[in-house]
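*Asks:* Here is the input, now give the coordinates:
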Amino acid sequence: MADHDLTGFDRGTFTHDGTTRRILRRGTGPAVIVLAEIPGITPKVLEFAERVAAIGCTAVLPVLFGTPGRDADPAHIGRLKAGLYMASSIGKVCVSREFTVLATGKSSPVVTWLRALAAHEHQRCGGPGVGAVGMCLTGGFALAMATDERLLAPVLSQPSMPLPVTKSRAGTTDISAEELAAVRGRCEREGLRVMGLRFRGDRLVPGDRFAFLRRELGEAFTAVELDDSAARPDAVQSPHAVLTEHLIDAPGQPTRVALDGVLDLFRTRLLEQGPLADTEGVGAGA
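*Replies:* Below you'll find the model as predicted:
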């Protein structure tokens, strides 16, 4: 796959509290904030955004790191170039005060900016509320954003922070205790549902992390856990990116079922009956 020239995506900026970032948008209807994985908004992430737009939502992609549209697949550009691009993005994240990589019980400061973006897009796009999907580094951001009542459909795809270098870090995620309590309260009072996706063998997203979310959120957490054999076999990296790089885009494939479950969550919460729509059975785990 070649670099994506961003055709079909509107470009703009959003500023909050003195911080301005570039924004890509596609579609009309209620907003879904699409938070890219490391190293950035790749062609596969843009394909996912196109699917979000196709169901009748506005896909909104903030540029948090990397070069939008740049292909990062080692199979296409070679391991050396892919590795250098990945290292560059990781390096920028690690030195930025806006991202929390190792600390437990703490949300990344960038989440405040993302909540403001979601509020802005809700006002701009209309609808009952906003959806959000975070991937890898940004996976937990969608959960922390759900303290805002406008966030109705949070999806955590391979939430990798904090890096699970110790057992305690493996059994938690990057959200403060206060914010987690607020999300839990919304689940209990409002019927908020949270979806998480991972491959079972993914070392960046250990099973203990999803067990933690099950304990904290109970039945409000829908875990989609796939066997590694469900990942795209010709991908160079080990199974990790459920909705993008490791997706097998064919009916009946477990990753495609997971993708369809995410889109169904957005449909039921944002397009059909609003925040109290029934999502039972959406994205059932393998």
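*Asks:* Report the separation between the residue sitting furthest away from the middle of the chain and residue 136.
*Replies:* Distance from the centre of the chain peaks at residue 80, with 26.6 Å (CA atoms, centre = their mean). For residue 80, the distance to residue 136 equals 21 Å [CB to CB, to the nearest Å]. Backbone N, C-alpha and C define where each C-beta goes, glycine included.
*Asks:* Show me what the helix or strand harbouring residue 33 is packed against.
*Replies:* According to DSSP states H and E, residue 33 maps onto strand 31-35. Using 3 or more CB pairs under 8 Å, 6 or more residues apart in numbering; DSSP states H and E, the elements in contact with strand 31-35 are helix 43-54, strand 58-62, helix 110-125, strand 130-135, helix 141-145.
*Asks:* Which one of the ones you listed lies nearest to residue 72?
*Replies:* Proximity to residue 72 (CB to CB) singles out helix 43-54 among the helices and strands packed on strand 31-35, at 8.7 Å.
*Asks:* Check the average confidence over that closest one, would you?
*Replies:* Mean pLDDT, helix 43-54: 97.
*Asks:* And the contacts of that helix?
*Replies:* Helix 43-54 is contacted from outside by 1-4, 6, 8-9, 24, 26-28, 32, 34, 36-37, 59, 61, 69, 71, 73, 133, 135, 241, 243-245, 247, 259, 263, 266, using CB atoms under 8 Å, 6 or more residues apart in numbering.
*Asks:* Can you tell me which of the residues you listed are buried?
*Replies:* Neighbour counting with 16 or more other CB atoms under 10 Å marks 4, 6, 9, 24, 26-27, 32, 34, 36-37, 59, 61, 69, 71, 73, 133, 135, 241, 243-245, 247, 259, 263, 266 as buried within the contacts of helix 43-54.
*Asks:* Sort out for me which of these are in helices.
*Replies:* 259, 263, 266 (DSSP state H).
*Asks:* Below-threshold pLDDT in the stretch 51-200 of the chain: ranges please.
*Replies:* 101-106 (pLDDT under 70).
*Asks:* Let's verify residue 174: helix, strand, or coil?
*Replies:* Under DSSP: H, G, I helix; E, B strand; the rest coil, residue 174 falls in the coil class.
*Asks:* Pretty sure it sits against residue 144.
*Replies:* Yes - judged on CB atoms under 8 Å, residue 174 makes contact with residue 144 at a distance of 7.3 Å.
*Asks:* anything in contact with each of those two?
*Replies:* Joint contacts of residue 174 and residue 144 (CB under 8 Å, 6+ apart) are 107, 108.
*Asks:* mind listing what's buried in stretch 267-274?
*Replies:* 267, 268, 269, 270, 271.
*Asks:* tell me the pLDDT at the second one?
*Replies:* The one in question is residue 268. 96.
*Asks:* OK, contacts around residue 20?
*Replies:* Counted by CB under 8 Å, 6+ apart, residue 20 has contacts 13, 14.
*Asks:* Count the residues that sit near residue 203.
*Replies:* 12 (other CB atoms under 10 Å).
*Asks:* Also residue 141?
*Replies:* Residue 141 has 29 nearby residues by other CB under 10 Å.
*Asks:* these two touch, right, it and residue 112?
*Replies:* No - at 10.6 Å, residue 141 does not count as touching residue 112 under the criterion of CB under 8 Å.
*Asks:* Show me the common contact partners of these two, please.
*Replies:* Between them, residue 141 and residue 112 share no contacting residue, judged by CB under 8 Å, 6+ apart.
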